[in-house]
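Colleague: Kindly generate the corresponding structure for this input.
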Amino acid sequence: QVQLVESGGGLVQAGGSLRLSCAASGRTASNYAMAWFRQPPGKEREFVAAGSWGGSRTRYADSVKGRFTISSDNANNMVFLQMSSLKPEDTAVYYCASRLSMVVAVTPQSYTYWGRGTQVTVSS
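Modeller: Numbering: from 1, shown residues only. Here you go, the predicted model:
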């Protein structure tokens, strides 16, 4: 089992930045894939970014490429999502997810473990 807890969400003005954190505990390993998804109001959950623990394999949704960066701190079992140049359309609940595979995937169905989410609201 893997437990994931997100933090760092909040209200920010358009153009601002936020850093989301995800604390992982339980069955974690350096070759597992981690991801961030988000669910805007009234919409389905969508892929944001994914990467392997401490590895160089990363993938991003086109909508966030160049603005968001996923990273990890293996020593402390933390995963981060640095978000810059935020836009109102980035408003969503952001979820951290993990899968027991080193393959970096982009679909929600590929991930087994999920956090409860953290709200990000970007005002115009």
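Colleague: Report the contact partners of residue 83.
Modeller: 17, 18, 19, 20, 64, 67, 68, 90, 120 (C-beta atoms under 8 Å, 6 or more residues apart in numbering). For glycine as for every other residue, the C-beta is placed from the backbone atoms N, C-alpha and C.
Colleague: Over to residue 51?
Modeller: 33, 34, 35, 57, 58, 59, 70, 71, 72, 79, 104.
Colleague: buried ones in the strand or helix carrying it?
Modeller: Residue 51 belongs to strand 46-52 when assigned by DSSP states H and E. Under the neighbour-count criterion of 16 or more other C-beta atoms under 10 Å, strand 46-52 has 47, 48, 49, 50, 51, 52 buried.
Colleague: Can you list the neighbours in contact with stretch 61-74?
Modeller: 30, 34-36, 46-51, 53-54, 58, 60, 78-86, 89-90, 106.
Colleague: isn't residue 11 right up against residue 88?
Modeller: No. Under the criterion of C-beta atoms under 8 Å, residue 11 makes no contact with residue 88, lying 11.6 Å away.
Colleague: coming back round to it: reformat the buried residues of strand 46-52 as TSV; add distance to residue 1 and pLDDT.
Modeller: As requested, these are exported to TSV (distance: C-beta to C-beta, whole Å; pLDDT from 0 to 100):
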residue	distance to residue 1	pLDDT
47	23	98
48	24	98
49	24	97
50	20	96
51	21	93
52	20	84
